[in-house]
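**Q** whatever this is, show me its structure:
(chains A and B)
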Amino acid sequence: MYMWKKVAMTTAFAALAGTTAMASCGIDAGRVSIVGNEFPAIQTVAAAAAACGSDAVEVKSNLTADHQKINLAGMQGNPAEYTTAIIANSSIIALMNDDVIRPLDDLIAAHGADIPAKQLITINGKVMAVAFMANAQTLAYRADVLKEIGVEPPKSYEEMLAAAEMIREKGIMENPIGGAYAAGWNLAEEFVNMYIGTGGEFFTPGTAEVSINNEKGVAALEMMKSLTAYMNPDYLTHDSNGTQAEWEAGNVALMSMWGSRMGNLMDTEGSEPVVYENTMVGGPLMVGDSGVPATTLWWDGWTVAKNVSDEDATATFLAMKEGTGPSILNDTTMAEAVWMIDGYEPTPVSAGVFAAIAAGSQPYPMLPFMGLLHTAAGDNIADFLQGKESAEQALADIEAAYTAAATENGFLK
Amino acid sequence: MKHKTFFWFVLPSTLAMLLFIFLPLISIIVQSLYVAHDQVIVSVENCGPFGCTQSTMVDQEATEALKSGHPFGQFAGADIFLDRGHLAVAEVGQAWDGSQTWREFGAQMLNLPFYKAMSFTLTFTFVVTPLVILFGFAIAVAVNSAVKVVRGPLIFFSLLPMMITPLVGALILFWMVDARGIVGTALISLSGDPSLSVKASTPLMWIMLIVYGVWHSAPFAFIVYYAGLQTVNSDTLEAAQIDGASRAQRIRYVVVPHLLPLTTFIALMQLMDNFRVFEPIVSFAASAHATSLSWAIYNDLGGETRQLSSAAATSVLTVVCIIILLTPVLIRTWRDFGRK
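**A** Numbers count the residues shown, from 1 in each chain, chains lettered A, B, ... in the order given. Okay, here's the model as predicted:
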C-alpha cells in the first residue's frame, strides 16, 4: 500500500514536470527580465515571453517610453538587472558603446537554428541582436483630397509641395502638409531622412569627423523649410502624437509618417469616416535626383545582457525566441506591426514599409557617434526654420555642437 | 548651549547635508573635470534585414586597455567648461572680433547654447520674481480683508496653482493657448489675426512661460505673506488709523516694513527656484524658442548617447550662477542679523 502510494506520487510529479517543461519553452531554470519601449507590438512580445515563466523561471518586464534612459544603467551592474533589452538600430549603439550586450552566436548554434537568417543583426561578424519588426516613414495621403485636385499621390517632396499649393489655392485646407517637426529628436530624424534623400554622407568614412555642411545639407534644410510653409504654424511643437491628432482632425492631406502609426490613422477611432476611409499609405518620398528615398529603415529587436550567468542568458534567449516566434501571430497581432517573423502576411497598413524596403531605402546609420549628431541636429535646426539664421549657419552650428560633444565623449581628439 | 549638546543637536542635519548636498556636489565637480577615454574606432561590416553596410564601431578591447586604471576618464581640467557647449570662450572671442556692432555681437552670442539658455533663464528669473512678490502680497492683503466665512475657500482657491503638479499645470495652459484652445481662440479674435499662434512665436512663448511662472509661484508668496499679516501688531494699526492714516498709508508705513524680512525670504527662494526653470519648457515643448540651464542638463542626459561630463559641467555652472545671484540677498540678511 505504502509502496503504491509512492509510485502514484512519483507519476503525478512526473506528469506535472512534463507540463511545466512545455509551458516554459524548454527553459529549466533562470531569470528573464525585459526592458523595452511601450507600444502594442512590444507588449505582445513581452506577454508571449512571460508565458514561458514557471516556478523555476522568473519572467518579468518593464516596458516604458523612457526605456532608453534606464536600459544602459540597468545592464551595467553585475549581475545585470535586465537580462534583455528590446532596442532599435539607433539605440543598440549605446549598449554596444558600453559593451553591455553579448554576442549570440553560441546561443543560436545551441538553441536557435530555426531563427531565420534575415532576422539576425550582425556587427563585425558577430550576431548582436535578433530583429522582429521593421519600420520606416513613408507617405500618408487623403485619397479624396488628391482626387478633388486631380493629382496622383506624390512620389517626391517636390510633387508634394506642388500638390499642397493646389490644395491651398482651392481653399480645401489651409495647411495641407503634416510632419513630426517637434524640436529635438523628431526634427533631427526628419533632417536625417532628408539628408540621406539628397545622397549625403554624415561623416568622413571610417572616422568620427562630421561632414554635413555642404550643398546637400543646405538642400535638405531648404526642402524642410519649404514644407513648413504648408504646415500648421505650431509645427515645432508637434511630435508624432501631435501630427497624428492634426491628421485625425482632418486638417492635413499629405505627410511622411511612421509605418507603425499608419494603423492608428486608418482605424475608426479618433476621426470622422471621411478621414479614416480616405487615409491611404504610399511609398517613401524622394528628394532631388539622388535616387535614394528620403527615409530611413528601422528594425526593432532584442539583445542579451553580457553581465548575466550562462543559465540566465540561455533562459532569456529561449524566452525571447518564443516571444518573437511564429506562434505570436494571430488576427489581432498581425495588424500591430510589420513583423519580420515567418508566417506574417502583409496588410494595407504595412504597404509603405515594404515599398520603402523595395525602393532601396537606407537603414538608419548604426554608428557609435550618430546619437551625438542626432542630438546636435535636434537643437540647432529650429533657428533656421524660424528664419533666424541661414542654412549654412545652422549646419555650422550642428557641426560645432557635435564636435564639442564628440570630443567630450572621446570620439574626437 | 553646551558644545556637546549643540553637536548632537545638529548632527542629523549635518549628516543629511553631507549626504544629499555635499557629496553630490563633489561628484558633479569631479565628473565635470574629466572627459571620456579616447574611443578606438574600427571599420566593420554590419548586416541585418536590410542588407549589409560598411560602418564603424568602438573596439572594446583596445578601449578597455585605455580605460584600465583610470575609472574617471581622462583629466581635462577646465576644458569642458570652456568648450562650445558651455562658456564657449574661443567662440565668444571670435564673435567679439568679428562683429561690428553690439547687435551683431549679441546675435552671435545667442547662437551659443549656454548664452541662449542664460538669456531666457535670467529674463525669466528677474521678471517672475518681482511679479510673484507683488501678486502674492496683493492676494494676501485682499484675502486678509475678506469676510471671515469666505476666507477658507478663498485660501484654498488661491493655493490651487501651487498644488497642481508643475508638469500638469503647464500642460493645461499649453492646451489652452493652442490655436484651437480657449485662450488661443480668444487671442486670435482679439488681435484679428487668424494666423496668430502663441506656440510659433518666440516673444509670445516667452510671455507664456513667464505668465505660467507667476501663476505657479504666486500662491507661495501669498501664503507666506498671509501668515505674516496675522502677526502685524493691531495696536500699531489702530494707532495709525486714529492718527488719520488712510488704508494705503497703513499698508505702506506699518504692514510693508513689518513684512520686509519675509520679502527677503521669498526673494531668496524664488531666485533659486526661477533660475532652475525647467518643467514649463518641457511641457510647452518650448525648446525651439527658450532653453534654460536645467533644460540643457536634461537634454545632455536624454539623448541616445548620454553626455555625463557635459551635464556635470552645466550643473556646476548652475550652482555657481545661483551663488552669484544670491550673494546680494545673503549679504543683506547678514547685515540685518549683525545689526540685531
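
**Q** can we go C-alpha only for contacts and neighbour counts from here?
**A** Fine.

**Q** need the residues of the stretch 1-150 of chain A near chain B, please.
**A** A:68-69, A:90-91, A:94, A:96-97, A:99, A:118-125, A:131 (C-alpha under 8 Å from any C-alpha of the partner chain).

**Q** make it 7 Å
**A** A:68-69, A:91, A:94, A:97, A:99, A:118-124 (C-alpha under 7 Å from any C-alpha of the partner chain).

**Q** by neighbours, which of the residues you listed wins?
**A** A:Ile121 (27 neighbours; other C-alpha atoms under 10 Å in any protein chain shown).

**Q** residues touching B:Phe265, list them.
**A** Contact analysis of B:Phe265 by C-alpha atoms under 7 Å, 6 or more residues apart in numbering or on different chains lists nothing.

**Q** rewinding a little: just flag the most distant two among the residues of the stretch 1-150 of chain A next to chain B.
**A** Farthest apart among those by C-alpha to C-alpha are A:Lys69 and A:Lys118. That separation is 28.9 Å.

**Q** not counting sequence-adjacent ones, nearest residue to the closest residue to chain A within the stretch 51-200 of chain B?
**A** Going by C-alpha to the nearest C-alpha, chain A is nearest to B:Ala200 of the stretch 51-200 of chain B, at 5.0 Å. Spatial nearest neighbour of B:Ala200, excluding adjacent residues (C-alpha to C-alpha, 6 or more residues apart in numbering or on different chains): A:Asp234 at 5.0 Å.

**Q** rewinding a little: from the residues of the stretch 1-150 of chain A next to chain B, which land in strands?
**A** A:120-123 (DSSP state E).

**Q** for chain B, just list every one of the strands.
**A** B:34-35, B:41-48, B:51-58, B:74-75.

**Q** which pLDDT value belongs to the residue of chain B positioned farthest from its centre?
**A** Residue farthest from the centre of chain B, counting by C-alpha atoms, centre = their mean, is B:Gly51 at 47.9 Å. Per-residue confidence (pLDDT) for B:Gly51: 85.

**Q** contact partners for A:Val145?
**A** A:Ala253.

**Q** so it is in which element?
**A** For A:Val145, the element it lies in under DSSP states H and E is helix A:143-149.

**Q** just after that helix, pick out the following helix or strand.
**A** helix A:157-169.

**Q** which strands and helices sit next to whichever helix or strand comes after that following helix?
**A** The helix or strand immediately downstream of helix A:157-169 is strand A:177-178, counting by DSSP H and E. For strand A:177-178, the packing partners by 3 or more C-alpha pairs under 7 Å, 6 or more residues apart in numbering or on different chains; DSSP states H and E come out as strand A:254-258.

**Q** strand partners (parallel or antiparallel) of the strand it packs on?
**A** Strand A:254-258 pairs in its sheet with strand A:126-142 (antiparallel), strand A:177-178 (parallel), by DSSP bridges.

**Q** for the last one, what is the average pLDDT?
**A** Per-residue pLDDT values across strand A:177-178 average out to 96.

**Q** okay, now the unreliable bits of the stretch 251-400 of chain A?
**A** Low-confidence segments of the stretch 251-400 of chain A, defined by pLDDT under 70, are absent.

**Q** so which bits of it are right by chain B?
**A** So far as C-alpha under 7 Å from any C-alpha goes, the stretch 251-400 of chain A lies against chain B at A:363, A:366-368, A:371-372, A:375, A:382.

**Q** can you flag which of the residues you listed belong to strands?
**A** A:Pro363.

**Q** identify the residues contacting residue 232.
**A** This is for chain A. Neighbouring residues of A:Asn232 by C-alpha under 7 Å, 6+ apart: A:Asn175.

**Q** to clarify, I was referring to chain B.
**A** Contacts of B:Val232 (C-alpha under 7 Å, 6+ apart): B:255, B:258.

**Q** next one: it from chain A, what distance?
**A** Between B:Val232 and chain A the distance is 48 Å, computed by C-alpha to the nearest C-alpha, to the nearest Å.

**Q** now that residue: how far from B:Tyr253?
**A** For B:Val232, the distance to B:Tyr253 equals 12 Å [C-alpha to C-alpha, to the nearest Å].

**Q** A:Val292 too?
**A** In terms of C-alpha to C-alpha, A:Val292 sits 76 Å off from B:Tyr253.

**Q** higher neighbour count, those two?
**A** More neighbours surround A:Val292 than the other of A:Val292 and B:Tyr253, with 21 against 13 (other C-alpha under 10 Å).

**Q** so that one: helix, strand or coil?
**A** For A:Val292, the secondary-structure state derived from DSSP: H, G, I helix; E, B strand; the rest coil is coil.

**Q** now it: closest residue in space that isn't a chain neighbour?
**A** A:Gly197 (5.3 Å).

**Q** please name the residues that touch that neighbour.
**A** Counting by C-alpha under 7 Å, 6+ apart, A:Gly197 has contacts A:286-287, A:290, A:292-295.

**Q** now which of those would you call buried?
**A** With burial judged by 16 or more other C-alpha atoms under 10 Å in any protein chain shown, the buried subset of the contacts of A:Gly197 is A:286-287, A:292-295.

**Q** tell me the contacts of the residue nearest to B:Ser309 when sequence neighbours are not counted?
**A** Excluding its sequence neighbours, the residue lying closest to B:Ser309 (C-alpha to C-alpha, 6+ apart) is B:Ser32, at 4.9 Å. By C-alpha under 7 Å, 6+ apart, the contact list for B:Ser32 reads B:80, B:309-310, B:312-313.
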